[in-house]
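After the sequence you'll find the predicted model.
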Amino acid sequence: MCRRRRMTLQSEEVDRLLRVVFRIAAAQHVMAQGPVALAGVASMAYSGSLMGPPVIGAIAQGMGMQIAIAYIGGLAALIAFVASRSRLLK
C-alpha cells in the first residue's frame with residue numbers, strides 16, 4: 001500500500017474517532033453544559049497533539065527510542081485503565 005493511501009486511512013480513522021469523542025462530550029450530562037464539556041475535550045485533544053511529539057522526542061533523545069515507545073505504551077495502558085474505571089463513561 002502506498003504511503004499516501006496509508007496516511008489517508010489514518011486521517012480518516014482519527015476523524016471518525018474525534019467525531020465520536022466530541023459527540024459523547026456534547027451529549028453527556030455529568031459535567032457542565034455540553035458546549036463547555038466540548039471545549040474541554042477539544043482543549044485536551046489539541047494540547048496533547050501539540051505537546052506529545054516534543055515530549056516523546058525528548059525522551060527518545062535522552063533515554064532511547066525503545067524507552068520512548070514503552071512510555072507511549074504505558075500511557076495508553078493508563079488511559080485505558082482510567083477509562084474503564086470512569087463513572088462518566090457508564
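Received the coordinates, thanks. Numbering: from 1, shown residues only.

Report all helices and strands that the longest helix anywhere in the chain contacts.
When the chain is scanned for its longest helix (criterion: DSSP state H), the result is helix 34-63. With contacts taken as 3 or more Cβ pairs under 8 Å, 6 or more residues apart in numbering; DSSP states H and E, helix 34-63 sits against helix 3-27, helix 65-85. No exception for glycine: its C-beta is placed from N, CA and C like everyone else's.

Next, count neighbours for residue 38.
19 (other Cβ atoms under 10 Å).

Surely it is in contact with residue 25?
Yes: Residue 38 is within contact range of residue 25, at 4.9 Å (criterion: Cβ atoms under 8 Å).

Pull out the buried residues from the longest helix of the chain.
Neighbour-count burial for helix 34-63 flags 37-38, 41, 56, 59 (criterion: 16 or more other Cβ atoms under 10 Å).

Name the nearest of those relative to residue 13.
Residue 13 lies nearest to residue 41 out of the buried residues of helix 34-63, by Cβ to Cβ, at 17.9 Å.

Many thanks, we can stop here.
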